[in-house]
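# would you be able to build a 3D model of this:
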Amino acid sequence: WRQKGAEEEARGGGPAAWPARSRPGGMAEAALSAGSPEAPSPREEKWAQAAGGEGEGPRRLEKEQVEFLEKEYLTCPNPSEARRKQIGEVLQLSERKVMIWFQNKRQRMKQKKKEAENSMLKEQNAQLNAELEGERRREQDLEAENARLQALLKEKHENTRELRSSAAHLLIEYYAERSRMGDPAAEAALPEAQNALNGPGSSPS
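Numbering: from 1, shown residues only. Below you'll find the predicted structure:
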C-alpha cells in the first residue's frame, strides 16, 4: 500500500502535486499564482460560469463571491482599477463586473444613508409637532383658566355692587324714617345718600 502510494506521488498524483486552487484557501493562492497551468477547481469553474462572457446578461454572484466583495468594500469602498483586477482574478470576474458591483454597492449605501437621515428627520419633525401641540394645549388651558378667573372677578364685582346698592337703600330708608320723625340731621343727609345711590346728576327717589 505504501509502495503504491509512493508510486502515485512520484507520478504526480499525491498531495504534494495537488493544484494550489484545490487546496483549502486555494482561492487566495490562485490569485498569487495567476497564469499557472493548473486546472481550475470546481468552485472556480462555477464562478467562471456565473461570471459569463462580456456579451452575456448579468449572472447572480455566488455567496462566497458576495462575502469576499463585502469584506473588500469594508476595507476600501472605491478600489483602484489595479485592485479591481486583482479582485476579479480571485473571484473569476471581469474588472468591469467588479467595478459595477462596487458602484451599485456605493449607491445602495448612499441610499440607505439618505433613508436613515430622512427617517431621523421625520422622527424629529414628529417630536417637534408633538411639542408644538402640547404648547397649544397648554395655551388653550391658560386661556380657559383666564376666562374662568375673569368670570369670577365679574361675579364678585356684581355681588359687591348689589351689596352696596342694598346698603344704600337701607340707609336711605333709615334717613327717610328719621326725617319723618323730625330728625333734622337725617333730613339733611337724605339727599346725599340718594345721590350716592343714583349717581351724580340723578334726582332723589
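
# for residue 93, grab phi and psi.
phi -120, psi 150 (degrees, to the nearest 10).

# pLDDT value on residue 89, please?
Residue 89 carries a pLDDT value of 95.

# name the helix or strand of this protein that has the lowest mean pLDDT.
helix 26-32 (a mean of 44; mean pLDDT, DSSP states H and E).

# and residue 152, how many neighbours does it have?
10 (other CB atoms under 10 Å). Backbone N, C-alpha and C define where each C-beta goes, glycine included.

# repeat for residue 193
20.

# wouldn't it be in contact with residue 168 here?
Yes: in this structure, residue 193 is within contact of residue 168 by CB atoms under 8 Å, at 6.5 Å.

# contacting residues for residue 180?
Shown in contact with residue 180 (CB atoms under 8 Å, 6 or more residues apart in numbering): no residues.

# sorry, that was for residue 106
77-78.

# render the CA-only coordinates of stretch 66-78 in PDB, please.
The C-alpha coordinates for stretch 66-78 follow below in PDB (Å, rounded to 0.1, in the frame of the first residue of the first chain):
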ATOM      1  CA  VAL A  66     -20.500  38.400  -2.400                       C
ATOM      2  CA  GLU A  67     -18.900  37.800   1.000                       C
ATOM      3  CA  PHE A  68     -15.500  38.400  -0.400                       C
ATOM      4  CA  LEU A  69     -16.700  41.600  -2.100                       C
ATOM      5  CA  GLU A  70     -18.400  42.800   1.100                       C
ATOM      6  CA  LYS A  71     -15.200  42.400   3.000                       C
ATOM      7  CA  GLU A  72     -13.300  44.300   0.300                       C
ATOM      8  CA  TYR A  73     -15.800  47.100   0.500                       C
ATOM      9  CA  LEU A  74     -15.300  47.500   4.200                       C
ATOM     10  CA  THR A  75     -11.600  47.900   3.500                       C
ATOM     11  CA  CYS A  76     -11.900  50.200   0.600                       C
ATOM     12  CA  PRO A  77     -15.300  51.300  -0.800                       C
ATOM     13  CA  ASN A  78     -13.800  52.700  -4.000                       C
END
